[in-house]
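J.: what shape does this take:
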Amino acid sequence: MSTTDYRVDGMTCAHCTAAVTDELSALEGVTQVEVDLVAGGTSTVHVTSDRELSRDEVAAAVDEAGYALAPRGSLPLV
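T.: Residues are numbered from 1 along each chain as shown. Take a look at the predicted model:
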């Protein structure tokens, strides 16, 4: 089991957090999703899974929720 952090742009509220959490939780192997919301900035999403997830499948789930992964190495927009 491992936890990977992803940065997600554009979330502003609890509804946003729920949408991203629901989509990521639906991925095979995901056991937990936690979001550190930075309203209007770049939030950190912690995904725990029992298998390695590809960045592409995580990006697709986040996109399905209506948001986008921040580019790797991007700084938070606080």
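
J.: host element of the most centrally placed residue in the chain?
T.: Geometric centre of the chain, nearest residue: Val45, 4.2 Å, by C-alpha atoms, centre = their mean. Applying DSSP states H and E as the criterion places Val45 in strand 42-49.

J.: list the contacts of that strand.
T.: Identification of contacts with strand 42-49 by C-beta atoms under 8 Å, 6 or more residues apart in numbering yields 1-9, 11, 17, 20, 24, 27, 29-38, 53, 58, 62, 70, 74-77. Backbone N, C-alpha and C define where each C-beta goes, glycine included.

J.: keep only those of these that are in helices.
T.: Of those, the ones assigned to helices by DSSP state H are Thr17, Val20, Leu24, Val58, Val62.

J.: where in this structure is pLDDT low?
T.: Within the chain, the stretches with pLDDT under 70 are 73-78.

J.: mind running it again at 80?
T.: 72-78 (pLDDT under 80).

J.: quick revisit: can I get the strand holding Val45 in PDB, CA atoms only?
T.: Coordinates of the C-alpha atoms in strand 42-49 are reproduced here as PDB (Å, rounded to 0.1, in the frame of the first residue of the first chain):
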ATOM      1  CA  THR A  42      -3.600  24.500  -5.900                       C
ATOM      2  CA  SER A  43      -4.800  21.800  -3.500                       C
ATOM      3  CA  THR A  44      -3.000  18.700  -2.500                       C
ATOM      4  CA  VAL A  45      -4.700  15.400  -2.900                       C
ATOM      5  CA  HIS A  46      -3.400  12.400  -1.000                       C
ATOM      6  CA  VAL A  47      -4.300   9.100  -2.700                       C
ATOM      7  CA  THR A  48      -3.700   5.800  -0.900                       C
ATOM      8  CA  SER A  49      -3.900   2.600  -3.000                       C
END
